[in-house]
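1. Got a sequence here, can you model it:
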Amino acid sequence: MAQSIDSLEQLLQDKSLPTSERINLYDDLSWAYMNSDMQKSVAYGKKGLELVSQTTDEHMRATFYRNIGVAYYMGSVYDSAATYLGNALAIVERIGEERLEAVIHAAYGNLYQKQGLYRESIESYLKAVGYFEREKNLRETGKLYANIGGIYQMMINYDQALLYFGKARELAEQTDDKEGLAGVYTSLSDIYLYKDKTKAQSLHYAEEALRLFRESGNMHSENIALQTIAKIHHHHDDYANALPIAEEALRRANELGFPNLIAHSLIILSNIHLYQGHYDQCVEHAMKVLDNDSTDTNVLRNVYANLIRAHAHLGHADLTSLYLDHYRDVLDRYSSQDYQKAVSALEVKYEAEKKELKIYTLERQRRLYAWLGIAGAIILLCGLAFAVVRYRLAVSQRKLAEKEAIRLQQEKQLVAAQAALDSEAAERSRLAKDLHDGLGSMLSVVKLNLPQMKSGTVMGTIDVPRFQKALGMLDDSIQELRRVAHHMMPESLMRYGLKASLSDFCGAIPGVDFHYFGNEGRLPEQLEILIYRCIHELVNNALKHAEATHINVQFVQEPDRVSFTVQDDGIGFDQQMVTEGMGLRNIRQRVAAFQGNMDIYSSEHGTEIHVELELKPNEQV
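-> Prediction:
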């Protein structure tokens, strides 16, 4: 496309070029830059308009008005767009060019759609559809079907939208219109995202649309597809993928220079930062939206909603109140638009009919009053609806504040509990080391010295068994000391992790089976110690209190969570009648400190205790 545009611009340098060919070149260049550079598109359109005004070619004059109008609404300059499209429509209605008139009605449909005037947009599209259906122009008809489907999509009427998109897709495939098919895929992606909540299907359509737009070189629509992909990831809380794609969309939108594209890319980034809790960046991107395009009511509502919530979280009460007022003004303006349009349409219609049929003056006046009454009722209902919204917003903010207070309290409890666990782990490690290196070494020395004492002493027959028994008890004491020191802070846990340490522990106890599932990545030291202590305590409880003959220990490690289950065939207990002992209470407190859950299921056939702990990203080594 770039080479084609360059060659067209080079042809303009030829001073001997006939006027008619120069006019056609300006038309081609104005349209070629439509999706990539609004300023150049408008500039070439105005040069062509100036040149064609020296001729009697009304068709091309209307064409240039149409080109400039389309370029302006692509760049979100809606007032100028309406003016130029109005000039084009006036010419074609006068000269009777039905095809160009249909094209201009389609352009009006696009303009109204960007302004949020959905009823007017559908009316304009249907006027254009009538002509192209009569002419059997399948490609243009398919594009208009897609546009109408897009309006119903914005109105959340997905069934009607899917009906029109189905027609558009069929025609696009018949005519091999890849760009039209890509537009349908973009819309289907958005519908599946919000209607069926299926990420895979919506992402598939969006990525197909992006591929087709890139093949066709339509950078404007390619940017919209990128925005759609970013929204899909954001909708499913996949911020790691959403953020770089949204940033790429913003970078390309800035290169293209279309304010509406820039505004939509910025608001997507603002939304992502808001839900990530990055409130300063949320505010920064939202404020940039206002600098680029503040004409789209839907974007404005999103901007002020983000500013309200971000400043509320940041503790900026004055700014929260200010943007709440702005949000209310946008809602008031939005809710009154239909009323204002209805009143204006009635006044125009009334004046026209008064000139032709004065006999119906009183009847028309009564109808006008009736419409005004209905419009007034609508405004009243909108006011009540806004009051309800404002009240709910206040309630929501209060609940958010309460949740934040609860969260801070839980964080304090978590810090305290983790500090206690750290202290306990350190103390256990110190005691284990003292027992093993201090008392254990002393007992070993005693054991080495006793045989030497025996060799230099004559012992009676009765003393020999006693001496041997003392040596045996000393061996048992050394082994028991090592076992206690090992379980206080197992060396295998520190060196090799949970699988090895739990295997050693369970393997040393008859009737205890251990099963390990999942990857064997190391967990944070605090978490590994917590899990080991909990399983140690639960197995000991089952042996001491449940009279169990068989105990099954199962540990599962997944990328985002870990869980373990201790199941025995003991006598069980009635959870409603029996109060949990100190051991179970300690386990509950430790699990709660790591934001985990513990469930107990007990009957006369045995007891099963299940603990589940979530892992934060990058928490596995």
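
2. tell me which residues in stretch 560-574 are buried?
-> 562, 563, 564, 565, 566, 567, 568, 569, 570, 572, 573 (16 or more other C-beta atoms under 10 Å). Every residue, glycine included, has its C-beta placed from N, CA and C.

3. now for it, what's the gap between its first and last residues?
-> 33 Å (C-alpha to C-alpha, to the nearest Å).

4. what distance separates that stretch from the centre of its chain?
-> Once both centres are worked out by C-alpha atoms, centre = their mean, to the nearest Å, stretch 560-574 turns out to sit 37 Å from its chain's centre.

5. for stretch 91-101, same thing?
-> With C-alpha atoms, centre = their mean, you get 47 Å for stretch 91-101.

6. Please enumerate residues in contact with it?
-> Contacting residues not belonging to stretch 91-101 are listed as 58, 59, 61, 62, 63, 65, 66, 88, 89, 104, 131, 135 [C-beta atoms under 8 Å, 6 or more residues apart in numbering].

7. list the contacts for the third one?
-> When you say that, I think you mean residue 61. Shown in contact with residue 61 (C-beta under 8 Å, 6+ apart): 49, 52, 53, 91.

8. Below-threshold pLDDT in the stretch 401-550 of the chain: ranges please.
-> Of all residues in the stretch 401-550 of the chain, those with pLDDT under 70 make up the ranges 410-411, 413-464, 466-467, 471, 476-492.

9. ranges for the strands of it?
-> Counting by DSSP state E, counting those that start in this stretch, one finds strands in the stretch 401-550 of the chain at the ranges 512-518.

10. Compute the distance between the nearest residue to residue 298 once chain neighbours are set aside and residue 306, please.
-> Residue nearest to residue 298 in three dimensions, not counting chain neighbours: residue 116, with 6.5 Å by C-beta to C-beta, 6 or more residues apart in numbering. Computed as C-beta to C-beta, to the nearest Å, the residue 116 to residue 306 distance reads 19 Å.

11. Which one's more surrounded, those two?
-> Higher neighbour count among residue 116 and residue 306: residue 306, with 23 against 16, using other C-beta atoms under 10 Å.

12. wait, what's in contact with the more buried one?
-> For residue 306, the residues meeting the contact criterion (C-beta under 8 Å, 6+ apart) are 267, 270, 271, 274, 282, 283, 286.

13. Pick the one among these closest to residue 155.
-> Using C-beta to C-beta, residue 267 is the member of those that lies nearest residue 155, at 19.8 Å.

14. and residue 195, what pLDDT?
-> At residue 195, the predicted lDDT confidence score is 70.

15. now the one 10 residues further on
-> According to the per-residue confidence, residue 205 scores 85 in pLDDT.

16. Pull the number of nearby residues for residue 39.
-> Number of residues near residue 39 (other C-beta under 10 Å) recorded here: 11.

17. In contact with it, which residues?
-> Residue 39 is in contact with residue 257, counting by C-beta under 8 Å, 6+ apart.

18. One more pass at 10 Å, please.
-> Counting by C-beta atoms under 10 Å, 6 or more residues apart in numbering, residue 39 makes contact with 33, 71, 75, 257.

19. Just the buried ones from the residues you listed?
-> If we count by 16+ other C-beta under 10 Å, these have these buried: 33, 71, 75.

20. Can you list the residue ranges for helices in the stretch 451-600 of the chain?
-> In the stretch 451-600 of the chain, helices defined by DSSP state H, counting those that start in this stretch lie at 463-488, 491-496, 498-507, 525-545, 582-593, listed in chain order.

21. where's residue 152 relative to residue 21, distance?
-> When C-beta to C-beta is the yardstick, residue 152 and residue 21 sit 43 Å from each other.

22. Have a look at these two and say which one is more surrounded.
-> residue 152 (21 against 12).
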